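> Structure for the following, please:
(2 chains, ligands or ions: 2)
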Amino acid sequence: MTPVITTRDICRYFGDDEDILVKAVDHVSIDIEPGEFTAVIGPSGSGKTTLLHLIGGLDNPTSGIVELSGTNIAQMSAAELSDFRRDHIGFIFQAYNLIPVLSAEENIEYIMLLQGIDAATRKQRVHNMLAQVGLDGLGRRRPNKLSGGQQQRVAIARAMASRPDIILADEPTANLDSRTGIALLDVMRELNEEHKMTFVFSTHDEKIMSRATRLIHMHDGEIEKDERK
Amino acid sequence: MLLLKLAIRNIFRQRRRSLLTALSMSGGYVLCAISFSVSEGSYNNAIRFFTLDHTGHVQIHKGNYLRRPKLHKTIDDPAALSETLDNNDNIEHHTLRVFAPALAYSDTDNTQVNVIGVDPTREKRTSRLAKKVTSGNYISDKVNPDSYYSAMIGTGIATSLNISIGDELILISQGADGSVANDIYIVGAIVGNKDSLDKSSVFLPLDAAQEFLSMQGKIHEVAILLKDESKSREFAASLQKQLPELSIDPWQIVEETFYMTMQADQQGMQAMLFIIIFIVFIGVLNTILMSVLERTREFGVLKAIGTRPKTIVSLITLETALLSMMSFFVGLVFAIPIIAWFAFVGIELPEPVDFGGVQLRFFTGEISTYVFATPLAWIMFFALLVCIPAGIRAGRILPTQAMGSH
Ligand SMILES: Nc1ncnc2c1ncn2[C@@H]1O[C@H](COP(=O)(O)OP(=O)(O)OP(=O)(O)O)[C@@H](O)[C@H]1O
Ligand SMILES: [Mg+2]
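Ligands and ions are numbered 1, 2, ... in the order given. Purely as a prediction, here's the structure:
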């Protein structure tokens, strides 16, 4: 199988001065296979967020190649990359980041609208996703009327509904209490198993990492250990 | 649709701020619309005042008579011209005139006067001369039983010659043929008041004036009243083609000083209002930039999940345009009654203000598309203008900023 993501020797350095050069990601080569449920772990400042940015096409590597489903994202224009993210990558953020003026349903619908998916399909998928993340009946609520865990469930639904190749989540549970966090991870895990959806998420939380099928340990921008269970 | 929904909800999200911004735009709009209305209205009033008073909408002369009036620059076949004009559908009325400076004598005094010969019937229809008679009877082209023509004189002449209705008035001038012109007339009416433009005019029936000046059958000026006053330039131009041997000028040329002063004044006012709107929009710009800055993370998220930068710029533009439209409608609610009041009631000044020789006494409003649409156009223009820096700023927001934890 072709990997969903391949990084070849990617580096991301910040600051151009030799003295203050930060090697946030340093010579990282990984393949993420379809259906994997991968956790990127490591101490603060080890480069987890930066790595997720790079494989999500949100940031460009200083050197090296990122391939998403066989496409080299470095060769895309900003607009192409934007469309590529819309169609192939789902994002879940630490701070939920729902669109505050849209209801839960409308948030889930948003990317599908950008994709130009017809109304009937959108409705269907919104309905299914709300049920799958356990938010039946809460679709009309605006984000500020939902708890953190509920908001993050909406975020998962939003990321899933557009049928991306991979979902990237940067510390999706960091703002949640540990019980809610674990419940949320279980939702992600179910979706992963049910739909063969590929997930890459970063975390500090031991209980959360234990649910991953693969653990990528980072330290000072380098991969220290890469273990599959 | 999606953008519209987002834009409307974003506007209502910051209710107080949107309201303040909209009110400042509305205020600018109301100020502009009222200023336009009053300036248009007052000037149109003034224009109507003197075009109907004596200028007419279009005038015909021979050669450069308008600029350098000379007795010999005459229109030689006024009868034929009159017939042409009578048959023109655009013309309401027209009148024929001759002019000459003269010396006027009473038994005791003398003074300089302007003799104006007018066709009594046509003049009455074309200008307000008949209405300006303050005492006595309007002139007629008939002589009295003693074979004297009657004359109407301005108040200035009545005072300096110390004469009144029924008294004799002796005029001395030079005829077109170089002969000495002199004749006796009976004062039949007093015209105007002490501030009137006619205070040193002597009005004679056209025949009498032509006879006095030895220019039988010839005239100096035709004043035309159009059915549609706004068409004076176009009409003058088309009539000029038809009558190439004569000079046809619209009132804008005839009353050039007034017209220029008016234009300059209106431009000055527009420039000032433009600056006011500009200042209003510096505030608007600030608000919009602030709202973009506040939503940095939100825009970052929108970008990260695949919204094109162009779409985000459109969203900001749409929000601003909607807010401007709302301001416009709020502005209308205030502007319409005020402008209507100016249009139907208006302000009468205790002292008239002089503008390019024309006395403006009434401040009245005008209701027209121009009055309402121009400030709207300005507001939309500035609204779109302030979207540029806001859009650039939003365009620069990186999607990575969506992930920052706060
Ligand atoms: N935009 C940036 N400019 C400069 N340095 C940066 C930038 N982004 C990240 N860094 C640096 O790169 C290194 C890796 O940062 P990164 O955010 O990827 O770490 P992380 O593993 O996600 O940490 P945390 O667990 O605290 O979220 C850090 O030293 C950080 O200071
Ligand atoms: Mg991080």
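
> Let me see the residues that make contact with stretch B:325-332.
Residues outside stretch B:325-332 that contact it (CB atoms under 8 Å, 6 or more residues apart in numbering or on different chains): B:11, B:21-23, B:25-27, B:29-30, B:33, B:372, B:375-376, B:379. All C-beta atoms are positioned from the backbone trio N, CA, C, and that covers glycine.

> what about the strands in the chain?
Went with chain A since none was named. Under the criterion DSSP state E, chain A carries strands at the ranges A:5-14, A:22-32, A:37-41, A:63-68, A:71-72, A:89-92, A:166-170, A:198-203, A:214-219, A:222-228.

> let's do chain B instead
So, for chain B - with DSSP E - the strands run B:58-61, B:91-105, B:110-118, B:133-136, B:150-154, B:168-174, B:180-191, B:201-205, B:221-226, B:247-250, B:347-355, B:358-363.

> will you turn those into JSON lines that also has distance to A:I216 and mean pLDDT?
Conversion of the strands of chain B to JSON lines gives the following (distance: least, CB to CB, whole Å; pLDDT from 0 to 100):
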{"stretch": "strand B:58-61", "distance to A:I216": "90", "mean pLDDT": "96"}
{"stretch": "strand B:91-105", "distance to A:I216": "92", "mean pLDDT": "95"}
{"stretch": "strand B:110-118", "distance to A:I216": "104", "mean pLDDT": "95"}
{"stretch": "strand B:133-136", "distance to A:I216": "105", "mean pLDDT": "92"}
{"stretch": "strand B:150-154", "distance to A:I216": "105", "mean pLDDT": "95"}
{"stretch": "strand B:168-174", "distance to A:I216": "113", "mean pLDDT": "94"}
{"stretch": "strand B:180-191", "distance to A:I216": "104", "mean pLDDT": "93"}
{"stretch": "strand B:201-205", "distance to A:I216": "104", "mean pLDDT": "95"}
{"stretch": "strand B:221-226", "distance to A:I216": "88", "mean pLDDT": "96"}
{"stretch": "strand B:247-250", "distance to A:I216": "85", "mean pLDDT": "96"}
{"stretch": "strand B:347-355", "distance to A:I216": "81", "mean pLDDT": "76"}
{"stretch": "strand B:358-363", "distance to A:I216": "79", "mean pLDDT": "70"}
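
> which of those strands is buried the deepest?
Among the strands of chain B, the stretch with the highest mean neighbour count (mean count of other CB atoms under 10 Å in any protein chain shown) is strand B:150-154, at a mean of 27.

> Strand partners (parallel or antiparallel) of that one?
The partner list of strand B:150-154 in its sheet, established with DSSP bridges, is strand B:180-191 (parallel), strand B:201-205 (antiparallel).

> Compare those strands and report which one is nearest to ligand 1.
Nearest to ligand 1, of all those, is strand B:201-205, at 85.8 Å by CB to the nearest ligand atom.

> got the contact list for the closest one?
Counting by CB under 8 Å, 6+ apart, strand B:201-205 makes contact with B:102, B:104, B:113-120, B:129, B:139-141, B:149-154, B:157, B:169, B:171, B:185, B:191, B:212, all of which sit outside it.

> and the closest residue to A:T180 other than its chain neighbours, what does it touch?
With sequence-adjacent residues excluded and distances taken as CB to CB, 6 or more residues apart in numbering or on different chains, A:T180 is closest to A:G149, at 3.9 Å. Neighbour list for A:G149: A:L176, A:T180, A:A183, A:L184 [criterion: CB under 8 Å, 6+ apart].

> how about the helices of chain A, start to end?
Applying DSSP state H to chain A gives helices spanning A:48-55, A:78-88, A:104-115, A:119-132, A:148-161, A:178-195, A:206-209.

> What residue, apart from its backbone neighbours, is nearest B:I338 spatially?
Taking CB to CB, 6+ apart, and ignoring the residues beside it in sequence, B:I338 has B:I34 as its nearest neighbour in space, at 5.6 Å.

> quick one: pLDDT of that neighbour?
At B:I34, the predicted lDDT confidence score is 93.

> What distance do you get for it to chain A?
Taking CB to the nearest CB, to the nearest Å as the measure, B:I34 falls 36 Å from chain A.

> Now the one residue in chain A that gets nearest to chain B: closest residue in space, sequence neighbours ignored.
When scored by CB to the nearest CB, chain A has A:R86 as its residue closest to chain B, at 2.3 Å. Using CB to CB, 6+ apart and skipping the chain neighbours, the partner closest in space to A:R86 is B:G306 (2.3 Å).

> That neighbour: what's it in contact with?
So B:G306 contacts A:S82, A:D83, A:R85, A:R86, A:D87, A:I111, A:L114, A:S162 (CB under 8 Å, 6+ apart).

> What number of neighbouring residues does the third one come out with?
Residues within reach of A:R85, counting by other CB atoms under 10 Å in any protein chain shown, total 26.

> shouldn't it be in contact with A:G57?
Yes - contact between A:R85 and A:G57 holds when scored by CB atoms under 8 Å: they sit 5.4 Å apart.

> Overlap in contacts, the two.
For the pair A:R85 and A:G57, no residue contacts each of them under the criterion CB under 8 Å, 6+ apart.

> and the residue nearest to B:I338, how many neighbours?
Other residues near B:I34 come to 19 when the count uses other CB under 10 Å.

> ok, it to ligand 1 distance?
Plainly put, B:I34 is 53 Å away from ligand 1 if you go by CB to the nearest ligand atom, to the nearest Å.

> go on, B:V386?
Distance check for B:V386 against ligand 1: by CB to the nearest ligand atom, it reads 30 Å.

> repeat for A:N107
Computed as CB to the nearest ligand atom, the A:N107 to ligand 1 distance reads 24 Å.

> Count the residues that sit near that residue.
Going by other CB under 10 Å, the residues that sit close to A:N107 add up to 26.

> Ok, B:A33 next?
26.

> residues contacting the nearest residue to B:A340 once chain neighbours are set aside?
If the residues on either side of it in the chain are set aside, B:A340 comes closest to B:I367, at 7.0 Å by CB to CB, 6+ apart. B:I367 makes contacts with B:S37, B:I339, B:A340, B:A343, as judged by CB under 8 Å, 6+ apart.

> Please identify which of the residues you listed is nearest to B:K5.
B:I339 (34.8 Å; CB to CB).

> surely the closest one meets B:P375?
No - the pair B:I339 and B:P375 does not pass the contact test of CB under 8 Å, sitting 11.4 Å apart.
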